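Visitor: Give me a model of this one.
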Amino acid sequence: MLLPDTELEVMKALWEKHPQSARELHDVLAARTGWALSTTRTVLDRMRAKELVLRTEVHGLAVFSPARSKVDVLGDSLAHLFRDVLEVPGSVPVSALTGSTLLNEEELAELDRMLNGRKRR
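Guide: Numbering: from 1, shown residues only. Down below sits the predicted model:
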């Protein structure tokens, strides 16, 4: 599933720290997105309906966590780009993502296994 940029921003904030309340997420996202709090809540509701985020309660406060891992979401996006858009039939060059501030070495290795079918070592 390819996510729109708005939903990717929410996922990135939740991958970095979770769980978070809608207000906490809004505080993180507002500078990047310019959203009103109501927009943050609307995007979260839409993402819950798509089963991208989980809503739980902590001490009576609704908090949100990612329902899908970073590697899973990014792997789907990269697979679509390389296989469907660019029509690359062979291995996907995950090494090009080295240096990403979003992915660590373990996540890059998992992404490589996901995209290129390599077994875990």
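Visitor: quick one, helices of this structure?
Guide: 5-16, 22-33, 37-49, 70-79, 105-116 (DSSP state H).
Visitor: nearest to residue 60, of the ones you listed?
Guide: helix 22-33 (13.9 Å; C-beta to C-beta). In short, each C-beta sits where N, CA and C put it, glycine included.
Visitor: How many residues are close by residue 17?
Guide: 11 (other C-beta atoms under 10 Å).
Visitor: Can you pull out the low-pLDDT segments for the protein?
Guide: 118-121 (pLDDT under 70).
Visitor: still on that earlier bit, out of the helices of the chain, the one nearest residue 92 is which?
Guide: Taking the helices of the chain one by one with C-beta to C-beta, helix 105-116 is closest: 4.3 Å.
Visitor: Can you pull out the residues in contact with the closest one?
Guide: 70-72, 74-75, 78-79, 82, 91-92, 94, 97-98, 100, 103, 118-120 (C-beta atoms under 8 Å, 6 or more residues apart in numbering).
Visitor: orientation of that helix relative to helix 5-16 in degrees?
Guide: With axes from the mean of the first three to the mean of the last three C-alpha atoms, to 10 degrees applied, the angle from helix 105-116 to helix 5-16 works out at 130 degrees.
Visitor: any idea of the angle helix 105-116 forms with helix 70-79?
Guide: Using the same axes, to 10 degrees: helix 105-116 against helix 70-79 is 40 degrees.
Visitor: Give me the buried stretch members for stretch 35-53, please.
Guide: 35, 40-41, 43-44, 47, 52-53 (16 or more other C-beta atoms under 10 Å).
Visitor: Tabulate the CA atom coordinates of that stretch in PDB.
Guide: Coordinates of each C-alpha in stretch 35-53 appear next as PDB, following Å, rounded to 0.1, in the frame of the first residue of the first chain:
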ATOM      1  CA  TRP A  35      -1.800  21.500  10.100                       C
ATOM      2  CA  ALA A  36      -4.500  22.500  12.600                       C
ATOM      3  CA  LEU A  37      -5.100  20.100  15.500                       C
ATOM      4  CA  SER A  38      -8.400  19.100  13.800                       C
ATOM      5  CA  THR A  39      -6.500  18.100  10.600                       C
ATOM      6  CA  THR A  40      -4.100  15.900  12.700                       C
ATOM      7  CA  ARG A  41      -7.100  14.200  14.300                       C
ATOM      8  CA  THR A  42      -8.800  13.700  10.800                       C
ATOM      9  CA  VAL A  43      -5.700  12.100   9.400                       C
ATOM     10  CA  LEU A  44      -5.400   9.800  12.400                       C
ATOM     11  CA  ASP A  45      -9.000   8.800  12.000                       C
ATOM     12  CA  ARG A  46      -8.500   8.000   8.300                       C
ATOM     13  CA  MET A  47      -5.300   6.000   9.200                       C
ATOM     14  CA  ARG A  48      -7.200   4.000  11.800                       C
ATOM     15  CA  ALA A  49      -9.800   3.100   9.200                       C
ATOM     16  CA  LYS A  50      -7.000   1.900   7.000                       C
ATOM     17  CA  GLU A  51      -5.500   0.000   9.900                       C
ATOM     18  CA  LEU A  52      -2.200   1.900   9.700                       C
ATOM     19  CA  VAL A  53      -2.300   3.100  13.300                       C
END
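Visitor: Alright, I will stop here.
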